[in-house]
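**Q** Pasting the sequence and the predicted model now:
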Amino acid sequence: MTPPFQDERHQRPLQRLIGRPFLAAALSLGLLTFLLVATNAWLAWRAHADAWSQAAKTSRNLGHSVAHQLDSVFSEVARVLNTIEYIIEQADMEPSALESLQPLMVNHLGNADYLHGIFVYDANGNWLVHTQATQPPNANNSDREYFISHRDSPSKKVLISKPLKSRSTGEWIIPVSKRLNDANGRFAGVVLATIRVGYLLTLLDGFDIGEQGAISLSLADGILVVRRPYSVEDLGRTIPNNPLLNIAKNERAGMLLLASPFDGIRRLVIFEHLGSNPLFVTVALSEEEILSHWRSATQVQAICLLLLITVIALSGSYVFRSMKVRREADRALHNAHEQIMRKNQQLAELADQDGLTGIFNRRAFDIRLAEIFGQSRRYQRKLSTIIFDVDHFKNYNDIYGHLAGDDCLRQVASALSGAMRRPGDILARYGGEEFFAILPDTDGQGALEVANSARERIESLMLVHAGSDIGIVTVSCGVATADWNDTNLTSEKLIDLSDQALYAAKRLGRNRCILRASGRAKGEQ
């Protein structure tokens, strides 16, 4: 049996711990905090590993998809070249056979959006057959690298060269060429197909690689064919001491993490060689974007952990008061933020609004005209403008006073607004008694109909005007439409054309609409 004094001695530490609640609580909180921190650290590490694993899987799938699509494009071009080469060499370069190639080449070009052109050159580089609309005088391509390579090498393999700028169109293209031999096996010329760099960029733009990601296509020797994000300086560029190239020369596919030689951004890089062509693609996802969700989640997790430890460490009443104060402060800040946003929105609307008529002012007109003009030019869409001028408005002010003149302008603005047929049409007060309308996707005849409709609306107001020959308030209209064949056309010139049409309307007696087109004015009552 254990002596009584030994039991007492063994129980003293436990009794001492129970008798010290602060120490017991501290040890309990310390152990609980350690477990919480350790668990969250392990979860964060697992999430980090999962983020990299998912990024690697996504990159491989994306790289394989890009490689497959690009390989299909270049393989199809190679098949076209082989067909043309076979026909030419079977006919021994006979002129009649060359002439019969023209429809075949044009048909291939029409069925392939990626093709810029197809050409056949003789042994001296002169153009024999091509798909261009016109042939430049003295056209000769004997100085091109691909031509020299075929002339000096007996190889009959299809050659893919670095990008160059087309002499006939000025467009960036990728040459794909093949040597032609005569019946004796001597060099007889080159058959060439050119792929649009713009098409490949459009294809690459269809893949989601994030804001800082990159996709590139390179020749087997590392020469860059095309890259997204696009920069014309990168076309045909070679990166010295590129660690990726050293690996890509020895492996068909691979993955590595490195800083980009283009912009210094660290990316997870996946490369894969095309199955049938001497090219390889790289898909690079930004390390920052790969880990962005993980960082956000980890930060939230850390904040939650800190809050949980704080809740455990502090009394419930203190936590409650703190949370209440925090909630009230957040609500007040949110309300203040919403008030500021509403005020800013009101100020922005007032900055674009004419104080008298309530429609757009001159500042808003200038901004929107620049935007609409740029978009219409870029996508070759129709665009017309109309300038309205209230006839004899100075006489109206002199007779009826400025307050009546202001009311007249308000009614005119309201009537003109009602004549705007589509939500995209813009009406603004241009200055004084002048109003300007912008009509996207509207040709000259359509704009003339809108102008006449607006003019008739003004007449229907029947605003008495003793200073006008007609006796009521009327407007004159100048209509202009954009001709995108005019490469020198600017928004200012379009305004000037509208102004010229307006002056023509006034010279012809006012209260009419004139359309300015092809340097001449034509109008309707």
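**A** Thanks, I have it. As the structure is a prediction and not an experimental result, all values here were calculated from the model.
**Q** from here on, contacts and neighbour counts on C-alpha atoms
**A** Fine.
**Q** tell me the domain boundaries of the chain?
**A** 73-198, 315-344, 362-524 (automatic domain parsing).
**Q** Would you tell me which of those gets closest to residue 38?
**A** domain 315-344 (24.0 Å; CA to CA).
**Q** Could I get the contacting residues of residue 480?
**A** Listed by CA atoms under 8 Å, 6 or more residues apart in numbering, the contact set of residue 480 reads 384, 385, 386, 444, 494, 495, 497, 498, 501, 515, 516, 517.
**Q** and it, what are its phi and psi?
**A** Phi and psi for residue 480, reported as degrees, to the nearest 10, are phi -140, psi 150.
**Q** Tell me which helix or strand in this protein has the weakest average pLDDT.
**A** Sorted by mean pLDDT, DSSP states H and E, the helices and strands of the chain end with strand 520-524, the least confident at a mean of 46.
**Q** circling back to that earlier point, if we only consider the contacts of residue 480, which is nearest to residue 128?
**A** residue 517 (42.0 Å).
**Q** for the helix or strand where residue 188 lies, packing partners?
**A** Using DSSP states H and E, residue 188 falls within strand 187-196. On a contact count with 3 or more CA pairs under 8 Å, 6 or more residues apart in numbering; DSSP states H and E, strand 187-196 meets helix 21-90, strand 115-122, helix 145-152, strand 172-181.
**Q** hmm, try it at 6 Å
**A** Where contact means 3 or more CA pairs under 6 Å, 6 or more residues apart in numbering; DSSP states H and E, strand 187-196 is packed against strand 115-122, strand 172-181.
**Q** most neighbours per residue, which of those strands?
**A** strand 172-181 (a mean of 24; mean count of other CA atoms under 10 Å).
**Q** counting contacts, what elements does that one pack onto?
**A** Against strand 172-181 (3+ CA pairs under 6 Å, 6+ apart) you get strand 159-160, strand 164-165, strand 187-196.
**Q** Now do the same for residue 272: its pLDDT.
**A** Looking at residue 272, its pLDDT is 91.
**Q** Run a quick neighbour tally on residue 504.
**A** 24 (other CA atoms under 10 Å).
**Q** meant to ask about residue 84
**A** When neighbours are counted by other CA under 10 Å, residue 84 comes out with 22.
**Q** Pretty sure residue 158 sits against residue 178.
**A** Yes: Residue 158 is within contact range of residue 178, at 4.9 Å (criterion: CA atoms under 6 Å).
**Q** re the thing from before, could you tell me which strands the strand holding residue 188 is paired with, and in which direction each runs?
**A** Looking at strand 187-196 with DSSP bridges, its partner strands are strand 115-122 (antiparallel), strand 172-181 (antiparallel).
**Q** Can you add distance to residue 213 and give the domains of the chain back as JSON lines?
**A** Output for these, formatted as JSON lines (distance: least, CA to CA, whole Å):
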{"stretch": "domain 73-198", "distance to residue 213": "19"}
{"stretch": "domain 315-344", "distance to residue 213": "34"}
{"stretch": "domain 362-524", "distance to residue 213": "26"}
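**Q** Can you flag the weakest of those by average pLDDT?
**A** domain 315-344 (a mean of 71).
**Q** what are the C-alpha coordinates of stretch 356-374, in PDB please?
**A** Extracted C-alpha coordinates of stretch 356-374, given in PDB (Å, rounded to 0.1, in the frame of the first residue of the first chain):
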ATOM      1  CA  LEU A 356     -29.900  75.000 -70.400                       C
ATOM      2  CA  THR A 357     -31.200  72.200 -72.500                       C
ATOM      3  CA  GLY A 358     -30.300  69.100 -70.400                       C
ATOM      4  CA  ILE A 359     -28.700  67.300 -73.300                       C
ATOM      5  CA  PHE A 360     -24.900  66.600 -73.800                       C
ATOM      6  CA  ASN A 361     -22.700  69.700 -73.900                       C
ATOM      7  CA  ARG A 362     -19.700  70.400 -76.100                       C
ATOM      8  CA  ARG A 363     -17.200  68.600 -73.800                       C
ATOM      9  CA  ALA A 364     -19.300  65.400 -73.800                       C
ATOM     10  CA  PHE A 365     -19.700  65.700 -77.600                       C
ATOM     11  CA  ASP A 366     -16.000  65.900 -78.200                       C
ATOM     12  CA  ILE A 367     -15.300  62.900 -76.100                       C
ATOM     13  CA  ARG A 368     -18.000  60.700 -77.600                       C
ATOM     14  CA  LEU A 369     -17.200  61.800 -81.200                       C
ATOM     15  CA  ALA A 370     -13.600  60.800 -80.700                       C
ATOM     16  CA  GLU A 371     -14.600  57.300 -79.300                       C
ATOM     17  CA  ILE A 372     -17.300  56.600 -81.900                       C
ATOM     18  CA  PHE A 373     -15.100  57.800 -84.800                       C
ATOM     19  CA  GLY A 374     -12.200  55.600 -83.700                       C
END
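**Q** who's in contact with it?
**A** With CA atoms under 6 Å, 6 or more residues apart in numbering as the test, stretch 356-374 has contacts from 352, 353, 354, 410, 428, 429, 430.
**Q** bridging residues for the second one?
**A** With DSSP bridges as the criterion, residue 353 is bridged to residue 360.
**Q** If you tally nearby residues, what's the number for it?
**A** Residues near residue 353, counting by other CA under 10 Å: 20.
**Q** now do the first one
**A** Residues near residue 352, counting by other CA under 10 Å, number 18.
**Q** quick one on the thing from earlier: packed most tightly, which of the helices and strands packed on strand 172-181 would that be?
**A** strand 187-196 (a mean of 24).
**Q** Between the contacts of residue 480, which sits nearest residue 334?
**A** residue 385 (43.7 Å).
**Q** For that closest one, which non-adjacent residue is closest in space?
**A** In space, and not counting its chain neighbours, residue 385 is closest to residue 438: 4.7 Å by CA to CA, 6 or more residues apart in numbering.
**Q** Check which helices and strands the helix or strand residue 496 falls within is in contact with.
**A** Counting by DSSP H and E, the element that carries residue 496 is helix 491-507. In this structure, helix 491-507 packs against strand 475-481, strand 513-517, with contacts taken as 3+ CA pairs under 6 Å, 6+ apart.
**Q** Identify whichever of the helices and strands packed on strand 172-181 lies nearest to residue 405.
**A** strand 187-196 (59.7 Å).
**Q** Just give me how far the next helix-or-strand element following that closest one sits from the chain centre.
**A** Counting by DSSP H and E, the next helix or strand C-terminal to strand 187-196 is helix 197-205. Relative to its chain's centre, helix 197-205 lies at 12 Å (CA atoms, centre = their mean, to the nearest Å).
**Q** Output helix 197-205 as CSV, restricted to C-alpha atoms.
**A** Extracted in CSV, the C-alpha atoms of helix 197-205 (Å, rounded to 0.1, in the frame of the first residue of the first chain):
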residue,chain,number,x,y,z
VAL,A,197,0.8,36.7,-88.2
GLY,A,198,-2.5,38.4,-87.4
TYR,A,199,-4.4,35.1,-87.7
LEU,A,200,-2.1,33.4,-85.3
LEU,A,201,-2.5,36.2,-82.8
THR,A,202,-6.2,35.9,-83.1
LEU,A,203,-6.0,32.2,-82.5
LEU,A,204,-3.7,32.7,-79.4
ASP,A,205,-6.1,35.4,-78.1
